[in-house]
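Trainee: what follows is a predicted structure for the sequence shown.
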Amino acid sequence: MAATPRSLLDARAMARAVKRMADEIVERNAGTDRLILVGIQRRGVQLAERVGRAIAEAEGVDVPRGALDITLYRDDLQTVGPRPVVGRTSLPGDIDGARVVIVDDVLYTGRTVRAALDELADFGRPARIALAVLVDRGGRELPIHADVVGRTVEVPAGGRVDVLVEELDGRDAVEVVGAGDA
Amino acid sequence: MPAPLGKDLLALEPLTRAQIELVLDAAVPFREVSERAIKKVPTLRGQTIVNLFFEASTRTRVSFEFAEKRMSADTVSIAAAGSSVSKGETLVDTARNLEAMKIDMVVVRHGSSGAARFLAERIESNVINAGDGTHEHPTQGLLDLLTLRDHFGGSLEGRRVCICGDVLHSRVARSNVWGLKKLGAEVAVCGPRSLLPNAVDALGVTVFDRVEAAIEWAEALNVLRLQLERMQAGYIPSLREYNRVFGVTRERLERAPRDLLILHPGPMNRGVEIDSDVADGPHSVILDQVTNGVAVRMAVLYLLAGGRPELADAAKGQPS
């Protein structure tokens, strides 16, 4: 089986997906009132920033952004050991009563989102929390679903979905690696 | 990434530069946890940690306890000073008893050099050395390194740091020398000859007999606590004389060609090794050291915990 990545979204398709996600977030929230975008480290942070810019372009409102690193809330420290360095967690002020949208690159087992919900609960009590992901690849192990999805694709367990962002990877793309002909 | 530091943290001498930098990098985000309204993350939930202090300690013990509690570990602190049993026997016995109670980690302070290693070789739990005799105090060394690195713009390469005072009896000095040299700093020591090790040249550091010379050379001073019992033991004539000759005073610092960072591992003897003007002055980073101490210890707990490679197969694949 070749390990050559298969392109799922190119840069332009990714930009369109982000814009659509931004529109949907505003629509679901009936505006931008009390909205906060929280990106999950790492690539969720860059995606949240882009969704934020898309909302600013469409609505003329700068929605507050935050970053969440869920490493310390993972349930697998004992099995896989520590990730060497934990990323930054910073939320834009008080989240009590806010409408938080968690932004992540890929939704897979749902364990990251479970950890993010736990972590957010330690910071306050938002009025509601929604989940927006660029790619939903299926394979959930927990009863968690995304409210806003850029692209849905079924990738079997052996495969991997790589979201690349210009800021960290030099280019924008979404690629599927090692999933056969799926 | 299984156990990047191995099972135990006993000393800085055997660590690589990469391992030391890993701890320092890992410590940075833990500072933010201590700033939260709820200063707690669930990372070590269900782990049991014993703080075993055979020597008196407030700062180090409290710092470890905060680090453990903020990581959600269950902790017990035992002050085992004053046992009549000989130290070797006590440690073996203690180790067996602790193991029987199914603990996960031990933080140990002991008056004998090598005690932490002795314990680590006899129990399966992770062991963290919180100071053993005159050997090492690795977490103090790490928090000093983090504090210096912060104030030197992210790198210690080529920076000149002088450790002042009772180097002979100081495990803090030894951990500092090893850590600083591994990170590329130039290291000196300064103190009365009676309080420097005979083999001071073997440490590979510059030696200053006069504190004025050290101040002229250094960019940072790590001022060690002068144990008051050293005077009774005849190492120094009197505290007053020590202050007059080796004290870090404002007058001496004002004659320096640059501003010096001032570190002190505490507890301070104001007016002996350091004057109040200096300890509370604009270039003192002594309280930063205390803040960094909790973060560094959280990072060490985090990096020693978990990492059982035999279980890693179960957690393969995309970690989302």
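Mentor: Right, received. Where do you want to start?
Trainee: got the phi/psi numbers for the residue of the stretch 101-250 of chain B found nearest chain A?
Mentor: Relative to chain A, the nearest point of the stretch 101-250 of chain B is B:D104 (9.9 Å; C-beta to the nearest C-beta). All C-beta spots, glycine's among them, are computed from the backbone N, C-alpha and C. The phi and psi values for B:D104, taken as degrees, to the nearest 10, are phi -110, psi -30.
Trainee: which ones are touching it?
Mentor: Going by C-beta atoms under 8 Å, 6 or more residues apart in numbering or on different chains, B:D104 touches B:47-49, B:73, B:125-126, B:305.
Trainee: recalculate using a threshold of 7 Å.
Mentor: B:47-49, B:125-126 (C-beta atoms under 7 Å, 6 or more residues apart in numbering or on different chains).
Trainee: where does it land on pLDDT?
Mentor: For B:D104, the pLDDT comes out at 93.
Trainee: who's in contact with the nearest residue to it once chain neighbours are set aside?
Mentor: In this structure, B:D104 finds its nearest non-sequential neighbour in B:Q47, 4.4 Å apart by C-beta to C-beta, 6 or more residues apart in numbering or on different chains. Counting by C-beta under 7 Å, 6+ apart, B:Q47 makes contact with B:73, B:104-105, B:305.
Trainee: quick one, strands of the stretch 201-320 of chain B?
Mentor: B:206-208, B:220-223, B:261-263 (DSSP state E, counting those that start in this stretch).
Trainee: ditto for the stretch 1-150 of chain B
Mentor: B:48-53, B:74-79, B:105-110, B:126-132.
Trainee: lowest-confidence stretch among those strands?
Mentor: strand B:74-79 (a mean of 90).
Trainee: could you dump the contacts of B:D104 into TSV with distance to B:L22 added?
Mentor: Shown next, in TSV, are the contacts of B:D104 (distance: C-beta to C-beta, whole Å):
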residue	distance to B:L22
B:Q47	21
B:T48	25
B:I49	21
B:S125	22
B:N126	16
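Trainee: show me what contacts the nearest residue in space to B:H110 that is not next to it in sequence?
Mentor: Nearest residue to B:H110, sequence neighbours excluded (C-beta to C-beta, 6+ apart): B:F54, at 4.5 Å. For B:F54, the contacting residues are B:80-81, B:109-111, by C-beta under 7 Å, 6+ apart.
Trainee: distance check, B:F54 against B:G293.
Mentor: 20 Å (C-beta to C-beta, to the nearest Å).
Trainee: B:L5 too?
Mentor: Counting by C-beta to C-beta, the gap between B:L5 and B:G293 amounts to 18 Å.
Trainee: check B:S284 too.
Mentor: From B:S284 to B:G293 the distance is 15 Å (C-beta to C-beta).
Trainee: more neighbours, those two?
Mentor: Using other C-beta atoms under 10 Å in any protein chain shown as the criterion, B:S284 and B:G293 rank with B:G293 on top: 27 against 19.
Trainee: hmm, B:E65 and that one touching each other?
Mentor: No - with contact defined as C-beta atoms under 7 Å, B:G293 and B:E65 do not form a contacting pair (11.6 Å).
Trainee: residues contacting the residue positioned nearest the centre of chain A?
Mentor: Nearest residue to the geometric centre of chain A (C-alpha atoms, centre = their mean): A:D104, 0.7 Å. Counting by C-beta under 7 Å, 6+ apart, A:D104 makes contact with A:40, A:44, A:112, A:133.
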